[in-house]
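>>> next input, structure requested:
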Amino acid sequence: MAKRITRLKEVGSTSPQGIYLYDPEDDMWVMQPSDDPDPFVPKEDGYYVIYFDNTKCPACRRYDIYWYPFVRKYAKKLSDYKFVIVLCGWFARECVSPTAAATFTYFDVHASPTTYLAHVKGGEIKYKEKYEGVLTDLELEKAVPTFKERAEKAERGEPVKKPIKDEDTLLKLLKKLIQEASKGGT
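Sure thing, here's the model as predicted:
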């Protein structure tokens, strides 16, 4: 008996854990059937935007507000990009999908949400960027559509600067504000 393919409009806290690829023609997230203990590592040439999501992650649900409209807006425009979600319960520690758990471990993801951008050429990741925490729609628009240009610069050996510094992400900014507020209150 063939496994039923899960297709979702959006992946969230009640979705089956695993790897999802976005199909821009149908505006659906398609779960990749796999019980493979090996991680999902992109091999097909192109640009990948991978969202590491946890079902028990409140920050991920906030990120979803920006993520899904962004993907719908840009997926067809960025035809050489592939959008992926890796979903576990709580990182690799609580994950019913062996592939998703192995993917969290392989990409060394310890914060959620994490957005991982990868340029794959010749079956290998040639350039990558990793953003931990919630990215707003403006931050996604700043980082993702221009990723191809940065990857090409890196391939030519030119210096590349990430458009969003780690300390500039919303999560880092909130932590900084909370720390500053707690110092002022003592």
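>>> any idea how far the residue most central in space within the chain is from Glu180?
For the chain, Tyr51 is the residue whose C-alpha lies nearest the centre (Cα atoms, centre = their mean; 1.7 Å). When distance is defined by Cβ to Cβ, to the nearest Å, Tyr51 is 29 Å away from Glu180. (C-beta placed from N, C-alpha, C; glycine too.)
>>> could you give the average pLDDT over stretch 158-165?
Stretch 158-165 comes out with an average pLDDT of 88.
>>> pull the residues that contact that stretch.
By Cβ atoms under 8 Å, 6 or more residues apart in numbering, the residues outside stretch 158-165 that reach it are Tyr127, Glu129, Tyr131, Leu135, Glu139, Lys142, Ala143, Thr146, Arg150, Lys153, Ala154.
>>> export the residues you listed to TSV and tack on secondary structure, neighbour count and pLDDT?
Shown next, in TSV, are the contacts of stretch 158-165 (DSSP: H, G, I helix; E, B strand; the rest coil; neighbours: other Cβ atoms under 10 Å; pLDDT from 0 to 100):
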residue	secondary structure	neighbour count	pLDDT
Tyr127	strand	19	97
Glu129	strand	20	97
Tyr131	strand	24	95
Leu135	coil	25	94
Glu139	helix	20	95
Lys142	helix	15	95
Ala143	helix	19	96
Thr146	coil	11	96
Arg150	helix	19	97
Lys153	helix	14	96
Ala154	helix	16	95
